[in-house]
Structure formats: structure tokens, C-alpha cells
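Asks: build me a model from this:
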Amino acid sequence: MSVLKEALGVCEQLNYKSLVGYNTLLRLYKKGGLPPHVNMATVEVFGAYNPNLFKPLMKRKGFIIIKDEYDQTLFQKENKFIIEIIHYRLIGNEWVAYYPCVGKITIPVEYNREDNTLVGLPTYSDIEGYLNHVYGEDWSCIRI
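Replies: Residues are numbered from 1 along each chain as shown. Below you'll find the model as predicted:
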């Protein structure tokens, strides 16, 4: 969890609107934390994002880039914990990112209204709406 907070701190330092998402949010919401065996967390960054500023700051914090493709960058820390950064840009009424092997993924703007706090991390104001959008009503299978 400290590695995730460190990555979110870099986002905050650069004034990026960033939230935890996907499986990270699902686990936090259902279980109240990340199980010890989890070695990856997803951070979604919305709007302004400059990889030429972000990547060097992450490197100074001890992260290395293990994948950099489309709107996804994977950073790894010495303890093997991986931080996935997904960058979204606003197009019409959706946040849009291009994800390797999947293509376009979207998040409706209403799920990004204002931050909610869960386990001391920034999340969506409508967590259940977001999880329904990403995983369907039963939250069992990703559908984006």
C-alpha cells in the first residue's frame, strides 16, 4: 500500500487528478484493503499529463519502467510491486484511454465528479456506479 501511496503522491505533486481504479478499487471496496499477495495496483490519471515530468519523478522515487505503451505505463519498485498508470483524456462526455490489446476504454464523466476517500486513497464519488460500468452489475468480469 505504501508504494501505491508513493505513486499517488507523485501525481499530487504534479497536480494530476488521479484515482485508484479497476481491480485495486474493487478490492479496496469489497475487502477494505489490498490482500498481502497482491503485487499490482492501478492509478487512473485524468486530463493534463506530461510523461516527460512524471516518469523522471517516478524514477527518482526508485521506480523503473517495465512497459510503456499507448496510454498505459507500468512502473515497478524494488520489492516487485507494480503500479499501472492509465492516462485518460476528455473526449465529448467520456474519459478515453487506449489500452494495449483492448483498444479504446472509456469512463463516463459522471463517475469522475469529485474524490471520495476510501482507506486513505482518492477514489470515485460513485464507486458502485464505476464498478458497475467496468465489471457489470455482478462485478465479476471486466467488460470495457
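Asks: OK, contacts around Tyr29?
Replies: Residues touching Tyr29, when contacts are defined by CB atoms under 8 Å, 6 or more residues apart in numbering, comprise 118, 123, 127, 131. (Each C-beta comes from the backbone N, C-alpha and C, glycine too.)
Asks: mind checking which of the residues you listed are in strands?
Replies: When those are checked against strands (DSSP state E), the matches are 118, 123.
Asks: got JSON lines for the contacts of Tyr29, with pLDDT, neighbour count and distance to Lys61 too?
Replies: Supplementary listing: those in JSON lines, determined by pLDDT from 0 to 100; neighbours: other CB atoms under 10 Å; distance: CB to CB, whole Å:
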{"residue": "Leu118", "pLDDT": "71", "neighbour count": "16", "distance to Lys61": "23"}
{"residue": "Thr123", "pLDDT": "86", "neighbour count": "19", "distance to Lys61": "22"}
{"residue": "Ile127", "pLDDT": "87", "neighbour count": "16", "distance to Lys61": "28"}
{"residue": "Leu131", "pLDDT": "90", "neighbour count": "20", "distance to Lys61": "29"}
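Asks: doesn't Ser140 make contact with Thr131?
Replies: Let me fix one detail, which is that residue 131 is Leu and not Thr. No. In this structure Leu131 lies outside contact range of Ser140 using CB atoms under 8 Å: 10.6 Å.
Asks: lovely, talk soon.
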